[in-house]
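Asks: I would like the atomic coordinates for the input below:
(2 chains)
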Amino acid sequence: NAGVTQTPKFQVLKTGQSMTLQCAQDMNHNSMYWYRQDPGMGLRLIYYSASEGTTDKGEVPNGYNVSRLNKREFSLRLESAAPSQTSVYFCASSDFGRNQPQHFGDGTRLSIL
Amino acid sequence: GDSVTQMEGPVTLSEEAFLTINCTYTATGYPSLFWYVQYPGEGLQLLLKATKADDKGSNKGFEATYRKETTSFHLEKGSVQVSDSAVYFCALTPLIYQKVTFGTGTKLQVIP
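Replies: Now for the predicted structure:
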């Protein structure tokens, strides 16, 4: 009963390093999302993919890229990490539609020094 | 654009107290409304939802009613437990669905 799986759970990077956060879902959902969560800011949408083969920018896309590898997997890449990208990153998935709830992974806690 | 406003936290209550967490929204048309809960170290999970005016969502003793006239979706529980300590997020999806808009979250701490 995995749901949404994110890897890694924790990561420390140096400024300028790159990395990819991985996300996979086993619920056959069409839509997938990447959020960042910062204290007092709630959840902010970085990128989303309404269906396989499409991706769109969210509220805070600068400094990030995404790849919808297939229906199950949606990765988030930081090309040149900056301290401002220190955050907790959540991947979510859902069926497409306004009444469909989102299902979240447990997050990746990323610190950039 | 769409927005969700939640009451500032943290909220600290004694066990068995009554809980209200306020949520108001701004959106075009009639959105769907959700409450999510986040326990420490975990992702958000759906608590309840309501998809049209006057609907009442309920789950695990929590309730919220979709009030179109006041654009509100306040979360209530009659008797909180220590295990209810978490962060609660109000959220909406617009009539023409694109993405979810979340509030900033309200932290609830229940003390024995």
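Asks: burial count for residue 29?
Replies: As the question left the chain open, I've gone with chain A. 19 (other C-beta atoms under 10 Å in any protein chain shown). All C-beta atoms are positioned from the backbone trio N, CA, C, and that covers glycine.
Asks: that's the wrong chain, I wanted chain B
Replies: Neighbour count for residue B:29, taken as other C-beta under 10 Å: 7.
Asks: Quick one: residues contacting residue 49.
Replies: Since no chain was named, I'll use chain A. A:31, A:32, A:33, A:55, A:56, A:66, A:68, A:74 (C-beta atoms under 8 Å, 6 or more residues apart in numbering or on different chains).
Asks: wait, chain B
Replies: A:99, A:101, B:32, B:33, B:34, B:35, B:57.
Asks: hang on, isn't the fourth one packed against residue B:94?
Replies: No - proximity of residue B:33 to residue B:94 does not meet the contact threshold set by C-beta atoms under 8 Å, at 10.9 Å.
Asks: Looking at these two, which one has more neighbours?
Replies: Between residue B:33 and residue B:94, counted using other C-beta under 10 Å, residue B:33 has the larger neighbour count: 28 against 18.
Asks: Quick check: what element follows whatever helix or strand that one lives in along the chain?
Replies: Residue B:33 belongs to strand B:32-38 when assigned by DSSP states H and E. For strand B:32-38, the following helix or strand on the C-terminal side (DSSP H and E) is strand B:44-50.
Asks: Now that next one: buried residues?
Replies: B:44, B:46, B:47, B:48, B:49, B:50 (16 or more other C-beta atoms under 10 Å in any protein chain shown).
Asks: Just want the most central residue of chain A.
Replies: By C-alpha atoms, centre = their mean, the mean C-alpha position of chain A lies nearest to residue A:34, the distance being 2.8 Å.
Asks: neighbouring strands for whatever helix or strand that one lives in, and are they parallel or not?
Replies: Counting by DSSP H and E, the element that carries residue A:34 is strand A:31-38. Here strand A:31-38 has these sheet partners by DSSP bridges: strand A:42-49 (antiparallel), strand A:87-94 (antiparallel).
Asks: hang on, the earlier thing: weed out the non-buried ones from the contacts of residue B:49.
Replies: Using 16+ other C-beta under 10 Å, the buried ones in the contacts of residue B:49 are A:101, B:32, B:33, B:34, B:35, B:57.
Asks: Looking at strand pairing, list the partners for residue A:77.
Replies: residue A:20, residue A:65.
Asks: So it sits against residue A:67, correct?
Replies: Yes - using C-beta under 8 Å, residue A:77 is in contact with residue A:67, at 7.3 Å.
Asks: mind listing what the residue in chain A positioned nearest to chain B touches?
Replies: Nearest residue of chain A to chain B: residue A:104, at 3.2 Å (C-beta to the nearest C-beta). Remark: with contacts taken as C-beta under 8 Å, 6+ apart, residue A:104 is in contact with A:4, A:90, A:91, A:92, B:43, B:44, B:45.
Asks: Return the per-residue confidence for the residue sitting furthest away from the middle of chain A.
Replies: What lies farthest from the middle of chain A is residue A:99; by C-alpha atoms, centre = their mean that is 21.2 Å. Looking at residue A:99, its pLDDT reads 85.
Asks: Good, we can wrap up now.
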